[in-house]
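Asks: I would like to see how this sequence folds:
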Amino acid sequence: METTQTRVVPELVARILAGRGVAPAEMERFLWPEYERDLNDPFLMTDMDKAVDRIMKAADRRERVVIYGDYDIDGITASAIMIEGLRALGLEAESYIPDRFEEGYGINLEALQALKARGVDLVVSVDCGITSVKEAAWARENGLDLVITDHHSVPEVIPEAVAAVNPKRPGDAYPFTELCGAGVAFKLVQALQARTGKPAVGQEKWLLDLAALGTVCDVVPLVAENRMLATYGLKVMRKTRRVGLRALAEVGGVAIERITSENLGFVLGPRMNAAGRLEHARHSLELMLTHDPVRAAEIARELDGLNRKRRATQEAIFEAADKLAEGYSGDGVLVLAEKDWSHGVVGIVASKLMEKWQKPVLVAQVLGEYTKGSARSVKGYSMVDALRANAGVLEKFGGHFFAAGFTLRTDKLDEFRAGLNGHFAGQVDAIRAAVEEVKADLEVDDLGPVDWKLLAELDLLEPFGSGNPRPLIEVLGLRVNRLSRVGSEGKHLRLGFVDEAGKHLAGIGFGLGTRYNGLSEQDVVGVRGYLNKNEFQGNTSLQLMVKELLL
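Replies: From the prediction side, this is the model:
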C-alpha cells in the first residue's frame, strides 16, 4: 500500500516562492513535481486529434514523412523527439532543417516543392510553421499534407494545414501556453501513445532528456508543466542512453551524472547551437540521434570547435555594435546593423547589448537588398508585438515576448528604427513600471546565515531558468580581503570577503573585471550574487557568484 510522503517547505523557500507569486497551497506542488500528475492531456490542444489521425494514417500506409524543424536547439531537440516518436510507430521519418544562411527561419516554399518532387506525402513541422500561411496554401493545393506543431506567437490568420497545433492558439483549451517546440513535440508523441500504445507506456520518458534540453535552452518559463519536463528530463539525462549527449558533456567538462539546468544553458546548449549559427544544424541533430560512440565523439569535438569560433566572432561583433550603439544612446530601442555581422550570432550579441544598455536591442546583418536580424527585449515590452506594430516595413518576422527574428528591405532600416522607437515611446511609462530595481530574494547583514544548509534549501528551487531564477542574495558590510583580475585581459574578478565576525566567503564576478576599477582590498561593500558549490582540484567550498557590488 502506497503512503503519501509529507514534505515540509522551509520557511525561507516559502518566502521566496511567495515573492515570486506562488500561492502557499501550490508551493509543495512547485517544489516537487510529479510526472503523471503534472502531465496535461495533449488532446486539449486544438487540432491535436487531427494531427494524430493523419500520422496514424501515414503509419498504416507506410507513407514518406518528413519532420521539418528549425536550426536552433529547440528545433533540433523537437526534431529528434518526433523522429524517435514516429519510429515507435514503425515510421522512419526523414528530417529537414533549413539552412540559416540560404533559407532562413521557418517553412519555405522552395523546400516544400522539393519535398513534394521527391515523393514525400506528409510534412510535420516542429518549432515553426504557425506563420506559414502561403506555404500551407501551396501544400494544400498541391497534395502535400502539412501538420504544423509550433509554440511561437500566433498571427491573426492561421495556416490552413491538416492540423495546426500550438497551445497559444486563441480559444485553446490547453491549460499551459508556455511550452517550447520540443515540449509541443513531446505532447504529440504522448497523444500518439495514448491512441496506439506506442511507444510502450513509460518508454516515452527516454525522450525527456531532449524535452529538458529544448525547454531550458529556449528560455521558456520553468514553471508548471515546463518545470516538470525539466526536472524529470534532467533525471533521465543523468542516466541517458544517448551517446551524443554523453560525448557533448565530456567535451564541455561536465559530469553528466550530476548535470544541472545551468549546464544545459551554458555548456550543452551553446555547443549544439553553434552548428546552426556557423554551418548547418544537421550536425547537432545527428549527434542527438546517433548510436555510434565514435561518431558521437567526433561530432562533439566538431561542435566544441565551432563554439570556440562562435565566441570569437560574437566578441568582435559585440565590440563593434557596442560602439555603434553609443551613437544611438538616446533611442529607447537600439537598432544596429552592418554588413559584416553574421546573422548566425547577432541574437547572442543582442542579448548581451540588452543586458548592458538595459533597453530593447535589435542587431542585424545587411545582406545587400535585404537585412536580417534578431531582437531581444526587456521586461514589460513585447518584442513580437513591437514587430507586429511595424509589420508594414517588414518582409518577415516571428518570435516571442522577449526574443524575435526579422527580415526587411535594407532601404527601410531608418523607417523601421523610427517606427520601433515611436511604438516604444508610447509605452514607456508601463515599461518603467515593469522594470523595477531587481530586489534580492534574501537580505542579510553578515555571513552568519550563509552556509551549506542555506545552499541546500535554495537548491530545492532547482531547476533554475527563465521564470525561476537562482535566488539572489544580498549581504551588507563585507570587507574585501582578496582581489584579483583573472581571465583573458582581466575580464573577471576573483574576490574574498570577510564580515565583522571574521567569517570568510570567496566570490567570483564574471565579466566584472573592468566594472569596478576603483575597488581595492580593505574596501567595505555590499554584495549581490548567487550562492553555489565550487569544486576545484578535489576541494569543495561555498562560493558567491557575484552579480553586483554595492559601493
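Asks: C-alpha from now on. contacts and neighbour counts both.
Replies: Noted.
Asks: which positions within the strand or helix carrying Ala230 qualify as buried?
Replies: If you go by DSSP states H and E, Ala230 is part of helix 224-237. For helix 224-237, burial by neighbour count (16 or more other Cα atoms under 10 Å) applies to 224-237.
Asks: mind giving me the packing neighbours of the next helix or strand after that helix?
Replies: Using DSSP H and E, the helix or strand that follows helix 224-237 in sequence is helix 243-251. Helix 243-251 is packed against helix 282-289, helix 293-326, with contacts defined by 3 or more Cα pairs under 8 Å, 6 or more residues apart in numbering; DSSP states H and E.
Asks: residue ranges with poor pLDDT in this protein?
Replies: With pLDDT under 70 as the threshold, the chain has low-confidence stretches at 1-6, 433-438.
Asks: so it: which segments form each domain?
Replies: According to automatic domain parsing, the chain comprises the domains 42-209, 327-434, 442-550.
Asks: span of the last one from start to end?
Replies: Domain 442-550 stretches 15 Å from its first residue to its last (Cα to Cα, to the nearest Å).
Asks: how far off centre is stretch 512-529?
Replies: 31 Å (Cα atoms, centre = their mean, to the nearest Å).
Asks: re earlier: so which of the helices and strands packed on helix 243-251 is the most packed in?
Replies: helix 282-289 (a mean of 21; mean count of other Cα atoms under 10 Å).
Asks: which outside residues touch that helix?
Replies: 71, 76-77, 79-80, 97, 242-245, 272-273, 275-276, 296, 299-300, 303 (Cα atoms under 8 Å, 6 or more residues apart in numbering).
Asks: same thing with stretch 196-210?
Replies: Identification of contacts with stretch 196-210 by Cα under 8 Å, 6+ apart yields 77-78, 80-81, 85, 88-89, 182, 186, 189-190, 192-193, 229-230, 232-237, 240.
Asks: go on, stretch 465-476?
Replies: Contacts of stretch 465-476 (Cα under 8 Å, 6+ apart): 16, 216, 219-223, 261-262, 439-447, 458, 461-462, 464, 525-531.
Asks: same thing with stretch 301-310?
Replies: Residues from elsewhere that reach stretch 301-310 (Cα under 8 Å, 6+ apart): 248, 251-252, 270-272, 274-275, 277-278, 284, 345.
Asks: quick check: the farthest pair among the residues you listed?
Replies: Val251 and Val345 (21.5 Å; Cα to Cα).
Asks: in terms of neighbours, single out the busier of the two.
Replies: Val345 (26 against 18; other Cα atoms under 10 Å).
Asks: doesn't Asp209 lie inside a helix?
Replies: Yes. Under DSSP: H, G, I helix; E, B strand; the rest coil, Asp209 sits within a helix.
Asks: surely Val123 is in contact with Thr149?
Replies: No. If you go by Cα atoms under 8 Å, Val123 and Thr149 don't touch, sitting 10.6 Å apart.
Asks: which of the two has more residues huddled nearby?
Replies: Neighbour totals were compared for Val123 and Thr149, and Thr149 leads with 30 against 25 (other Cα under 10 Å).
Asks: got the contact list for that one?
Replies: 124-130, 164-166, 181, 184-185.
Asks: for it, give its distance to Gly265.
Replies: 24 Å.
Asks: which residues of the stretch 451-551 of the chain fall in helices?
Replies: Counting by DSSP state H, counting those that start in this stretch, the stretch 451-551 of the chain has helices at residues 452-458.
Asks: if we can go back for a sec, and of the contacts of stretch 301-310, the nearest to His504?
Replies: Nearest member of these to His504, counting by Cα to Cα, is Gly252, at 30.7 Å.
Asks: quick check: the closest one vs Gly276, distance?
Replies: Distance from Gly252 to Gly276, counting by Cα to Cα: 18 Å.
Asks: so which of the two has more stuff around it?
Replies: Gly276 (26 against 17).
Asks: residues touching that one, list them.
Replies: 71-72, 99-100, 282, 344.
Asks: can you do 10 Å?
Replies: Counting by Cα atoms under 10 Å, 6 or more residues apart in numbering, Gly276 touches 70-73, 76, 97-101, 282-284, 306, 344-345.
Asks: nearest to Glu521 among the contacts of stretch 301-310?
Replies: Glu521 has its nearest neighbour among the contacts of stretch 301-310 in Gly252, at 34.1 Å by Cα to Cα.
Asks: excluding covalently adjacent residues, which one is nearest to the closest one?
Replies: Among residues not flanking Gly252 along the chain, Val267 sits closest, at 5.9 Å (Cα to Cα, 6 or more residues apart in numbering).
Asks: quick one on the thing from earlier: quick one: buried ones out of the contacts of Thr149?
Replies: For the contacts of Thr149, buried by 16+ other Cα under 10 Å: 124-130, 164-166, 181, 184-185.
Asks: quick revisit: mind putting the contacts of stretch 301-310 in JSON lines, distance to Asp385 included?
Replies: Shown next, in JSON lines, are the contacts of stretch 301-310 (distance: Cα to Cα, whole Å):
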{"residue": "Leu248", "distance to Asp385": "37"}
{"residue": "Val251", "distance to Asp385": "39"}
{"residue": "Gly252", "distance to Asp385": "37"}
{"residue": "Pro270", "distance to Asp385": "27"}
{"residue": "Arg271", "distance to Asp385": "30"}
{"residue": "Met272", "distance to Asp385": "29"}
{"residue": "Ala274", "distance to Asp385": "28"}
{"residue": "Ala275", "distance to Asp385": "30"}
{"residue": "Arg277", "distance to Asp385": "25"}
{"residue": "Leu278", "distance to Asp385": "29"}
{"residue": "Ser284", "distance to Asp385": "31"}
{"residue": "Val345", "distance to Asp385": "23"}
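Asks: from memory Leu367 sits against Glu102, does it?
Replies: No. Assessed by Cα atoms under 10 Å, Leu367 is found out of contact with Glu102, at 11.4 Å.
Asks: more neighbours, these two?
Replies: Leu367 (16 against 7).
Asks: so what pairs up with the more buried one in the strands?
Replies: Note on Leu367: beta-bridge partners Tyr370, judged by DSSP bridges.
Asks: what's the answer for Leu394, then?
Replies: Under the criterion used (DSSP bridges), Leu394 bridges to Leu408.
Asks: and it, how close does it get to Val363?
Replies: 15 Å.
Asks: okay, the two: which has more neighbours?
Replies: Applying other Cα under 10 Å to Leu394 and Val363 shows that Val363 carries more neighbours, namely 31 against 17.
Asks: apart from its chain neighbours, what residue comes closest to the more buried one?
Replies: Leu336 (4.9 Å).
Asks: next one: Leu551
Replies: Closest to Leu551 by Cα to Cα, 6+ apart is Val525, at 5.2 Å.
Asks: counting contacts, what elements does the host helix or strand of the residue nearest to Val363 pack onto?
Replies: Secondary structure from DSSP H and E places Leu336 in strand 334-338. Where contact means 3 or more Cα pairs under 10 Å, 6 or more residues apart in numbering; DSSP states H and E, strand 334-338 is packed against helix 293-326, helix 346-357, strand 361-367, strand 370-376, helix 413-425.
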